[in-house]
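>>> predicted model and sequence follow; I will ask about them next.
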Amino acid sequence: MKVVVVESPAKAKTINKYLGRDYEVIASFGHIRDLPAKDGSVDPEQDFHMVWELEDRGSKRVSEIAKAVKGAEKLILATDPDREGEAISWHVLEALNARKVLKGVPVERVTFNAITKSSVEQAMRKPRQIDQALVDAYLARRALDYLVGFNLSPVLWRKLPGAKSAGRVQSVALRLVVEREMEIEAFKPREYWSIIATLATKDGATFEARLVGADGKRIQRLDVGNAEEAAAFKAALEAATFQVASIEAKPAKRHPQPPFTTSTLQQEASRKLGMAPAQTMRVAQRLYEGVDVGGETVGIITYMRTDGVDMAPEAIADARKVIAREFGDRYVPGAPRKYSVKAKNAQEAHEAVRPTDMGRRPKDVARYLEPEQAKLYDLIWTRTMASQMESAELERTTVDVHAIAGGRRIELRATGQVVKFDGFLALYQEGKDDEEDEESRRLPKMEAGDSLRREKIASTQHFTEPPPRYSEASLVKRMEELGIGRPSTYAAVLQTLRDREYVKIEKKRLQPEDKGRLVTGFLESFFRRYVEYDFTADLEEQLDRVSNAEIDWRQVLRDFWRDFSAAIGETKELRVAEVLEALNGLLGPHIFPDRGEGKDPRACPNCGEGQLSLKLGKFGAFVGCSNYPECTYTRQLSATGVNGEGDGSSTDGRQPGVRVLGNDPTTDLPVTVRDGRFGPFIQLGDASAEKGAEKPKRSSLPKGLSPGDVTLETALALLSLPREIARHPETGEPILAGIGRFGPYVQHGRTYANLGRDDDVLEIGGNRAIDLIVAKEQGGGRGRPAGDPGRSLGKDAESGKEIVVKAGRYGPYVTDGNVNATLPKSVNAEALTLDEALKLIAAKREAGGGKKAPARKKATPRKAEGEKAKASAKKPAAKKAAPKKKAAG
């Protein structure tokens, strides 16, 4: 028996089918070892000796692998084909050697870029040894992240209460977001006017021409700067005669974009599908590891963590065949297209992200995939096909018009673009973040010398706009351009910034929270070198050289630690007052904005004598008066209130961070948003000091919801949790949604399932809740089904709802999203038809399966958690507590 080790159960299941009974494929469930979250795990004094610790889950996996290896013919490490995959294989081998279980068993390392039968079988025929240079690059990266996180984060905690962590890449990404916000705040709008003439040809066809010159001088976009100048030009044009001066038509080509890398896939999925980078990578992982397509489990895309844009020759040949069949020979270029990466520090060891079978069209597999999987596969397939299609052929036309007004000659210009041959545009056009596409216009037929008739002259006022905030897609693009971090880590970095509440997403744009501004300000003031873009990019370049076996990984760490440890040492004597004064200066325009009233922006508005300054309390930073305690003026960090209204101030000595939303219409008690020791929360009523008084009802805020975004309606909805959202398909018992100590959850009896990152506790529907509960009951994790996602049978002609057959805890069942009907034992789930399913659902509905039970009295969040705690207390613990969270981001 040959033992094969891979990362995930899904990958193991797929590969096991390909290799047959002579192989046993075991999943390691990702990394089995990690650096303990404590001092000394990386020891600079011992030449950066690293102490690795088997996690509880990892220990079980190693035991399982060790048991299988005893007496095995061979051990094959088949983890992913990148640094991280190489590291997992290395960890497995090290752990097995530590247990001395190999005893002469040969060990091989194989990699494959796609999980298909041919790719796996080919990889098995070309084994190699573990690539130590890749492992060294992993060790260096891991040590650097640890050294930064576990040395810099405590400095933040001591000098800047409320800050949570700093990270080698995380802090630089945060700086990008903060600096863009400062650019926006410092931006001064500039007035300008556009002058556009609507003209008609001799045939009566109209077009628009823009003012571009006058009296022999060129006029740029911002040159007409006020209403008087615009009015003068408009009056002159209204009295002018117009004539076509020249027409120029130039052929042009637009070429397709290369197939996806990790970074461009995240960017385009964000633009076109609205998927966050982390969500994109989760879905892509499923597509790579294998999905059931018509009874066959197969990986339908290649490995999704890659910097490469090239494709295998056979894949290109297959793509060209599909293009010819689907679009015709005219759409196939004369020679295959070759692409190269332009990004800084790019590694091109792997192929681009592409379909494993070019002939597997999106419409052919959509019925086997979950909706988000189908959308992402469609995006990958169309981008890949377009990358090998013929260029689009365009004709760009420029018409110059002269307007003669008395002795003046005013110049106008019209431009148009016509697609002569659509080429790859027939299938795909790349999205954009910030630029506005000018609509392609076809200009009417005219000739030089033709007279034109004036239809309308329009003068329009505009103001220049600040640079846009980063979207997740544009931030990923900027980080890649600067060479900051690796594309495979961008999703985790962005998620960390949100989890730490350093940034929030407003209208799909990243906006720094005050906490994030303070951290960036502190690091720029006292650790500027380590948040410099060039420094971070240079470090990445050194890590790439380590992976190419060009330099020693420990030397990289020695060079880094020498200067970094000195910088840490210099902050030991740093007083909090010095930190606050530095932040007052750096963040002054944000904290103390000049209102243009001629007053000192830092003058206390309450006493008129003191100076406003940053202060630190146990709940974080706020602004207070230097005359405290005589003057008790305080306000939020921002000069505007939490909700953008007022100044968020208090003069009665209260801790800042209490905002009244309004009164509960049922009890008439005040509803407030408050800062608490463990984060912001909502409270109904005020706490009473009287002994035995009932505590006010409270609810924590779900992750991603900023205190400033909470409305009275949202607060009341959160306070009403837990709420009943469905009935269990088997027991008929209610399924509740609420927020507990560990975040949002759904509950059925004593079963609790945490919501996924993309679930909203106030919006989650019955179908999703049932899936989460069933997955939990079957042993699945948060937000992911443990079993088959279901097979679509088609849509109900009357309701339009999709009918799906799924595997449930008590056997297969069919559902329309509202009603779940268990299949009789005599019915084969694989042979079930749409008509049979509709009959089962109709029968269940008639029996009352689709009706909602009478509302029952809702428990408070505290009560729900108490019930959970009681239930847990009655059962022996299934597993040990998770290790403490790492400080490193």
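Arrived safely.
>>> for residue 746, what are its contacts?
Contacts for residue 746 (C-beta atoms under 8 Å, 6 or more residues apart in numbering) come out as 725, 735-737, 752-753, 755, 764, 769, 772-773. From N, CA and C alone the C-beta is placed, and that goes for glycine too.
>>> do the same with residue 736
Residue 736 makes contacts with 722-725, 746-748, 864, as judged by C-beta under 8 Å, 6+ apart.
>>> make sure it is indeed in a strand.
Yes - counting by DSSP: H, G, I helix; E, B strand; the rest coil, residue 736 is found in a strand.
>>> next one: phi and psi at the residue lying closest to it once chain neighbours are set aside?
In this structure, residue 736 finds its nearest non-sequential neighbour in residue 722, 4.1 Å apart by C-beta to C-beta, 6 or more residues apart in numbering. When read as degrees, to the nearest 10, the backbone of residue 722 gives phi -80, psi 150.
>>> thought residue 722 was touching residue 744?
No - using C-beta atoms under 8 Å as the test, residue 722 is too far from residue 744 to be in contact (10.1 Å).
>>> where do the contact lists of these two overlap?
Contacts common to residue 722 and residue 744, judged by C-beta under 8 Å, 6+ apart, are 737-738.
>>> neighbour-wise, which of the two wins?
residue 722 (23 against 20; other C-beta atoms under 10 Å).
>>> how far away is that one from residue 50?
45 Å (C-beta to C-beta, to the nearest Å).
>>> and what of residue 695?
For residue 695, the distance to residue 50 equals 47 Å [C-beta to C-beta].
>>> what's the answer for residue 68, then?
In terms of C-beta to C-beta, residue 68 sits 27 Å off from residue 50.
>>> those two: who's more crowded?
Between residue 68 and residue 50, counted using other C-beta under 10 Å, the more crowded position is residue 68 (18 against 13).
>>> quick one: contacts for that one?
1, 3, 24, 26.
>>> let's see that with 7 Å instead.
3, 24, 26 (C-beta atoms under 7 Å, 6 or more residues apart in numbering).
>>> looking at the chain, which helix or strand is least sure?
Ranking every helix and strand in the chain by mean pLDDT, DSSP states H and E puts helix 861-874 at the bottom, with a mean of 39.
>>> if I look at the residue lying closest to residue 361 once chain neighbours are set aside, how far off is residue 302?
With sequence-adjacent residues excluded and distances taken as C-beta to C-beta, 6+ apart, residue 361 is closest to residue 381, at 7.0 Å. According to C-beta to C-beta, residue 381 and residue 302 sit 12 Å apart.
>>> need the overlap of contacts for those two.
Joint contacts of residue 381 and residue 302 (C-beta under 7 Å, 6+ apart) do not exist.
>>> returning to what we had before: out of the contacts of residue 746, which is nearest to residue 571?
residue 755 (39.5 Å; C-beta to C-beta).
>>> residues near the closest one, how many?
If we define neighbours as other C-beta under 10 Å, then residue 755 has 22 of them.
>>> and if you look at residue 673?
Residue 673: 24 surrounding residues under other C-beta under 10 Å.
>>> quick one: which helix or strand includes it?
strand 670-676 (DSSP states H and E).
>>> so what's the model's average confidence on that strand?
Mean pLDDT, strand 670-676: 80.
>>> before we move on, what about stretch 421-434?
So the average pLDDT for stretch 421-434 ends up being 80.
>>> name the residues that touch it?
For stretch 421-434, using C-beta under 7 Å, 6+ apart, the contacting residues are 256-257, 268, 271-272, 327, 331, 382-383, 385-386, 389-393, 419, 468, 471, 473-474.
>>> same check on stretch 466-478?
173, 176-177, 180-181, 183-184, 187, 263, 266-267, 270-271, 276-277, 433-434, 490, 494, 508-511.
>>> now do 8 Å
Under C-beta under 8 Å, 6+ apart, the answer for stretch 466-478 is 173, 176-177, 180-181, 183-184, 187, 189, 263, 266-268, 270-271, 276-277, 433-434, 487, 490, 494, 505-506, 508-511.
>>> what does stretch 324-342 give?
Contacts for stretch 324-342 (C-beta under 8 Å, 6+ apart): 256, 258-259, 261, 307-310, 313, 316-317, 320, 323, 348, 352, 385, 387-391, 421, 423-424, 426-427.
>>> swap the cut-off to 6 Å and go again
Under the contact criterion C-beta atoms under 6 Å, 6 or more residues apart in numbering, stretch 324-342 has outside partners 258, 309, 316, 320, 323, 348, 388-390.
>>> now do it: distance to the chain's middle.
32 Å (C-alpha atoms, centre = their mean, to the nearest Å).
>>> sorry, back to before: quick one: buried ones out of the contacts of stretch 421-434?
Burial of those was assessed by neighbour count (16 or more other C-beta atoms under 10 Å); the buried members are 256-257, 268, 271-272, 327, 331, 382-383, 385-386, 389-393, 471, 473-474.
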